[in-house]
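Engineer: Below is the structure, and that's it, no one-letter string:
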C-alpha cells in the first residue's frame, strides 16, 4: 500500500538508502548510519511530495518529488534544515568537505533543462527483496499522478549508471542529456543521464 511519508518510517527509509548507495560515507570517512540520516533530512527538506510503499507496517519503497523554485519557509523546513546541519557538525565526520561535495556533484542537468521542468524526481527506491514485482512502476506512476493533479507539467529525473536508468525509458521518459562525470575529480567517472516526462 502506498502511503504519505510519516516520521515513523524514517529508519526504514534511511536503511534502504544505505543498502543501495554509499552516500558519501567512504570519501568522508563517516559511518554510513550517519550519512543515511543526513541524506534523509536532505530528502525531507526538498521533498514536496514524499510517499512510501508499506508492507506489514514497514516501508519497503520510497518516492519523492521536488517542485522547482518553491520557497521553503515554515517550521517544517526549518526543522529538517536544523537536523541536517546538526548532524553535519558531528565530530565523527572525518572529511566534511568530501561529504559536502557528495551533495553538490550529483546535480547533472543544465540550467536550460532545469528551466524547462517544473518538478524533479528526488528519490525512487525499493528494498532489494521487493524488486521485480512492479512496485517501482506503481510508485513512479503514483508520483506522476500526484504531480499532475497539482498542475505540474514536466518532470525531470537525474540518474546515473548506479541506478536502473533504463527503467525510466520503459516508463515513457525521454533522455534529454547524457555525459561523463566524476564525483571526486579522479579517473574516468561514470555516465550520468537526465530524463524528462510530460505529465498530463
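Structural biologist: Yes, it's here. What you are looking at is a predicted structure, and each value in this text was computed from that prediction instead of being measured.

Engineer: ok, now which ones touch residue 39?
Structural biologist: With contact set as CB atoms under 8 Å, 6 or more residues apart in numbering, residue 39 has these partners: 14, 17, 23. For the C-beta atoms, the positions are set from N, CA and C on the backbone; glycine is no exception.

Engineer: What strand or helix carries it?
Structural biologist: helix 32-46 (DSSP states H and E).

Engineer: So which residues of the chain form helices?
Structural biologist: Assigned by DSSP state H, the chain shows helices spanning 10-20, 25-28, 32-46, 75-88, 96-104, 111-116, 135-149, 166-170.

Engineer: out of the ones you listed, nearest to residue 176?
Structural biologist: helix 111-116 (6.1 Å; CB to CB).

Engineer: And the contacts of that closest one?
Structural biologist: Residues outside helix 111-116 that contact it (CB under 8 Å, 6+ apart): 68, 154, 156, 176-177, 194, 196.

Engineer: and with 10 Å instead?
Structural biologist: With CB atoms under 10 Å, 6 or more residues apart in numbering as the test, helix 111-116 has contacts from 68-69, 107, 109-110, 120, 153-154, 156, 158, 176-177, 194, 196.

Engineer: of all those residues, which comes closest to residue 127?
Structural biologist: residue 158 (22.1 Å).

Engineer: how deep is that closest one tucked in, by neighbour count?
Structural biologist: The number of residues packed near residue 158 is 20, by other CB atoms under 10 Å.

Engineer: same question for the helix holding residue 39, mean pLDDT?
Structural biologist: Helix 32-46 shows an average pLDDT of 94 in the prediction.

Engineer: With adjacent residues omitted, what lies nearest to residue 169?
Structural biologist: Nearest non-adjacent residue to residue 169, counting by CB to CB, 6 or more residues apart in numbering: residue 175, 7.0 Å away.

Engineer: Alright, calling it a day.
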